[in-house]
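Novice: Provide a 3D model corresponding to the input given below.
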Amino acid sequence: MISPERQKEGVGRKLLSSAINYAKVETVTVSASLSSVSAYEKYGFECKGEASESAGLTYQPMEIKLNKTGHDDGS
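Specialist: This next block holds a predicted model:
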């Protein structure tokens with residue numbers, strides 16, 4: 001989570017882009033909080049399956065397929 005005073009500065013985008021660039025898999029999956037689904041969609045993630053609940057938190061499974069010859073990080 002990015003602290004409120006640092007939001008809208010691209011910190012989250014840079015962290016996610018870096019993690020994806022170092023991924024050694026073809027598909028990256030996340031369990032996105034419902035309030036962050038639209039942000040992940042901007043990064044290229046797609047909803048996969050139905051929202052679920054675990055430990056009292058509701059999340060949406062999402063994934064992005066990577067093109068390991070060059071990933072478009074959405075910037």
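
Novice: surely Asn60 touches Ala32?
Specialist: Slight slip there: residue 60 is Gln, not Asn. Yes - between Gln60 and Ala32 there is a contact under CB atoms under 8 Å: 4.9 Å. All C-beta atoms are positioned from the backbone trio N, CA, C, and that covers glycine.

Novice: can you give me the helices in the chain?
Specialist: With helices called from DSSP state H, the chain shows them at 11-22, 37-42.

Novice: residues in contact with the last one?
Specialist: Read that as helix 37-42. For helix 37-42, the external contacting residues (CB atoms under 8 Å, 6 or more residues apart in numbering) are 12, 30, 32, 47, 60, 62, 74.

Novice: quick one: contacts for the third one?
Specialist: In this case it means Ala32. Residues near Ala32 by CB under 8 Å, 6+ apart: 40, 45, 59-62.

Novice: from Ser31, how far off is Gly12?
Specialist: 16 Å (CB to CB, to the nearest Å).
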